[in-house]
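Student: coords below, sequence missing:
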Ligand code: ADP
Ligand code: MG
């Protein structure tokens, strides 16, 4: 049977739009806070109860809504921000679609209260699932308060898509932090109450102030210390903010903030330019930390691409890309040491127990030298060769499978000679695998052995991370880290895994917390124990650019021979390649 076409009712249309705008509490908070910012508020207070499903409450001291416009504010395609399609080019406000409030009102019970400076009395409007239930004058400060209760009460199926309270709360927290970095002149306060009475409310307080102050509370004070300021202009483009030093990296890309004309965005062009700038200075597989603001003439960027407006389209994508890359590249080059790591530091004994010279401190004091790129010819051989010593029987009993070390190349590779020819070892990858296997055995037998630090180590983190560390102390201890909370944004590390004594504990701890934030409870973390061990191993492993003595190199080769899976590091990269004499001969057209 053919269905006839009918116009959707406004209510159904709102609900469909709501699917785009109102995915979860965090997206509602974003819309409401953006409205407050558009209204010129200087203080915005947000409260949630029970992951935001029970209540989302946003109060601002902005210019308010005229009593006669209250109903309109909750209707679809009603906006005070643009009037004509042409206004879309160069739109300066955060909102402009006029559908956020209507969408929220279609899936919850919403109470809108507001007063403008011109009115003596405020006005309140209550709407349940798009149906007006009451309207009355009330006393209200200048500004607007929006209360959203019983989210998705009329669309229970959508409630099922919500995650655990902790996850939803973390997203709300993150949204507010993200918005706050673009509005230093505005104070923000967040209070998240849990349905679990055992847990106290979580709060975040961001007073209006300087960029450094805000960065200190939104990221961490350590980031401020371990980052450089950047401010570059070219043509009509300006890029400013702070970029983390290449040594201040994270396992997750969770502290990367980029704003285009005051709007937080995620963009492929931008992401690529930044990654490229960090590429040769950033440790493999790690993520940079940055807060960057790009400003350009509004007509050069289209923000009307996506309903939630995370995406933009640049008119001149190529020149934006090149500008970002060049600016960052210059800034990062300036914090790189001048000598490209060729003057290796003096060899140290028993490297497994020794902190690397580049990791002596937690600060920037001793930057890590940057390895030069491998010569093209060698790279070509590498792509042809493959690890095969396990299948090739060594000819002479006294030469071990991986042979004996000859030299170290640029602090990254060990060159060794074995029966078949040349062995090239990535010393970080190899050591990582060895440490990983040791930890795995240790964990299976007794749990990770810990060692008390003589002097506890203080680590600065965000308040959220500190809370997480407190909540998940048992999981951290199981993984070998005994951590105590010292204050709002400070942790104290008292015990560390034996194998990792004196290594870069602060970075390790931060990674753990990022993991916990992403994967939630300690039960889930237990299931991911091997990955956690992998992180430990990676951190405990000798970094590229460590100078090793011939004896140390041979030790490493012997350890590799007795370690399971020694052919791959635990990130799946190969740890070594074998080049047969034949392959080398071919390279030089010998014997042909
Ligand atoms: P948009 O922000 O895209 O215009 P919304 O649905 O978010 O659409 O809001 C509709 C209108 O309601 C806004 O254009 C604005 O005029 C008014 N409004 C919403 N929130 C506030 C607020 N906090 N303060 C003042 N006006 C507001
Ligand atoms: Mg809006």
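Tutor: Good, I have the coordinates. Just so we're clear, the structure is a prediction, and the values are computed from it rather than from any experiment. Ligands and ions are numbered 1, 2, ... in the order given.
Student: Nearest to ligand 1 within this protein, name that residue for me.
Tutor: Across the chain, no residue is closer to ligand 1 than residue 95, which sits at 2.2 Å (Cβ to the nearest ligand atom). Just so you know, the C-beta spots here come from the backbone N, C-alpha and C atoms, and that holds for glycine as well.
Student: Using the three-state scheme, assign that residue.
Tutor: Per DSSP: H, G, I helix; E, B strand; the rest coil, the local secondary structure of residue 95 is coil.
Student: Could you pull up the residues touching it?
Tutor: By Cβ atoms under 8 Å, 6 or more residues apart in numbering, the contact set of residue 95 is 31, 34-35, 38, 79, 81.
Student: closest to residue 321 among the residues you listed?
Tutor: residue 34 (27.2 Å; Cβ to Cβ).
Student: Once you drop chain neighbours, what's closest to the closest one?
Tutor: Nearest non-adjacent residue to residue 34, counting by Cβ to Cβ, 6 or more residues apart in numbering: residue 94, 3.9 Å away.
Student: Closest to the centroid, which residue in the protein?
Tutor: With distances taken as Cα atoms, centre = their mean, the chain has residue 254 as the residue nearest its mean C-alpha position (1.0 Å).
Student: Wait, it touches residue 514, no?
Tutor: Yes. Between residue 254 and residue 514 there is a contact under Cβ atoms under 8 Å: 5.7 Å.
Student: Which pLDDT does the model give the residue of the chain closest to ligand 1?
Tutor: Note for residue 95: predicted pLDDT of 71.
Student: can you give me the helices for the stretch 351-500 of the chain?
Tutor: Taking DSSP state H, counting those that start in this stretch as the criterion, the stretch 351-500 of the chain carries its helices at 376-384, 427-446, 463-471, 473-478.
Student: and the shortest one, which residues are buried?
Tutor: Within helix 473-478, the residues that qualify as buried by neighbour count (16 or more other Cβ atoms under 10 Å) are 473, 475-478.
Student: For this structure, name the helix or strand with the lowest mean pLDDT.
Tutor: helix 376-384 (a mean of 30; mean pLDDT, DSSP states H and E).
Student: buried stuff in stretch 582-592?
Tutor: So stretch 582-592, judged by 16+ other Cβ under 10 Å, has buried residues residue 583.
Student: pLDDT (mean, whole number) over it?
Tutor: 82.
Student: Can you tell me the SS state at residue 242?
Tutor: Per three-state DSSP, residue 242 ends up strand.
Student: Can you check what pLDDT the model gives the closest residue to it other than its chain neighbours?
Tutor: Among residues not flanking residue 242 along the chain, residue 227 sits closest, at 4.3 Å (Cβ to Cβ, 6+ apart). For residue 227, the pLDDT comes out at 92.
Student: what's across from residue 227 in the sheet?
Tutor: Legend: beta-bridge partners of residue 227 under DSSP bridges are residue 244.
Student: For this protein, what lies in contact range of ligand 1?
Tutor: For the chain, the contact set with ligand 1 under Cβ under 6 Å from any ligand atom comprises 31, 35-36, 39, 60, 62, 64-65, 73, 78-81, 95-102, 144.
Student: coming back round to it: so the residue nearest to the centre of the chain: helix, strand or coil?
Tutor: For residue 254, the assignment made with three-state DSSP gives coil.
Student: before we move on, the earlier item: now, of the residues of the chain next to ligand 1, which are buried?
Tutor: 31, 35-36, 39, 60, 62, 64-65, 73, 79-80, 95-102, 144.
Student: Contact residues of the stretch 251-400 of the chain facing ligand 2?
Tutor: Taking Cβ under 5 Å from the ion as the criterion, ligand 2 has no neighbours within the stretch 251-400 of the chain.
Student: ok, the residue nearest to residue 242 - contacts?
Tutor: For residue 227, the contact set (Cβ under 8 Å, 6+ apart) comprises 242-245, 248, 289-290.
Student: Just list the residues touching residue 123, thanks.
Tutor: Per Cβ under 8 Å, 6+ apart, neighbours of residue 123: 65, 67, 70, 113-115, 135-138, 140.
Student: Which of those residues ranks first by neighbour count?
Tutor: Counting neighbours by other Cβ atoms under 10 Å, residue 114 leads these with 28 neighbours.
Student: which residues sit against the helix or strand harbouring that one?
Tutor: Using DSSP states H and E, residue 114 sits within strand 109-115. Here strand 109-115 makes contact (Cβ under 8 Å, 6+ apart) with 64-65, 70, 73-74, 101, 104, 121-129, 138, 140-150, 153.
Student: partners of it, with directions?
Tutor: Looking at strand 109-115 with DSSP bridges, its partner strands are strand 122-128 (antiparallel), strand 143-149 (antiparallel).
Student: Just send those back as CSV, with mean pLDDT and distance to residue 428 too.
Tutor: Formatted as CSV, the strands paired with strand 109-115 follow (pLDDT from 0 to 100; distance: least, Cβ to Cβ, whole Å):
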stretch, mean pLDDT, distance to residue 428
strand 122-128, 97, 59
strand 143-149, 98, 50
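Student: tell me the most buried of those strands?
Tutor: Of the strands paired with strand 109-115, the one with the most neighbours on average (mean count of other Cβ atoms under 10 Å) is strand 143-149, at a mean of 23.
Student: which other residues reach that strand?
Tutor: 28, 32, 35-36, 39, 41, 52, 54-65, 101, 104, 108-115.
Student: Which ones among those residues map onto strands?
Tutor: Counting by DSSP state E, the part of the contacts of strand 143-149 found in strands is 55-60, 109-115.
Student: quick one: which of the residues you listed is nearest residue 509?
Tutor: For the ones in strands among the contacts of strand 143-149, the nearest to residue 509 is residue 56 (32.3 Å; Cβ to Cβ).
Student: Enumerate the beta-bridge partners assigned to the closest residue in space to that closest one that isn't next to it in sequence.
Tutor: With sequence-adjacent residues excluded and distances taken as Cβ to Cβ, 6+ apart, residue 56 is closest to residue 148, at 4.2 Å. For residue 148, the beta-bridge partners are residue 56, residue 110 (DSSP bridges).
Student: do you know how far the residue in the stretch 451-592 of the chain that ligand 2 sits nearest to is from residue 242?
Tutor: Nearest residue of the stretch 451-592 of the chain to ligand 2: residue 464, at 26.1 Å (Cβ to the ion). According to Cβ to Cβ, to the nearest Å, residue 464 and residue 242 sit 20 Å apart.
Student: So for these two, which sits in the more crowded spot?
Tutor: A side-by-side neighbour count of residue 464 and residue 242, using other Cβ under 10 Å, places residue 242 first with 23 against 19.
Student: quick one: that one and residue 224 touch, right?
Tutor: Yes. Residue 242 is within contact range of residue 224, at 7.3 Å (criterion: Cβ under 8 Å).
Student: Find residues that contact each of those two.
Tutor: residue 215.
Student: Who are the contact partners of the closest residue to residue 581 other than its chain neighbours?
Tutor: With sequence-adjacent residues excluded and distances taken as Cβ to Cβ, 6+ apart, residue 581 is closest to residue 421, at 4.2 Å. Contact criterion Cβ under 8 Å, 6+ apart gives 578-584 as the residues in contact with residue 421.
Student: looking at the sheet around residue 421, what are its partners?
Tutor: For residue 421, the beta-bridge partners are residue 580 (DSSP bridges).
Student: Quick check: the gap between the residue of the stretch 1-150 of the chain found nearest ligand 2 and residue 263.
Tutor: Nearest residue of the stretch 1-150 of the chain to ligand 2 (Cβ to the ion) works out as residue 95 at 2.6 Å. Using Cβ to Cβ, we find residue 95 at a distance of 11 Å from residue 263.
Student: cool, residue 566 as well?
Tutor: Per Cβ to Cβ, residue 566 is found 49 Å from residue 263.
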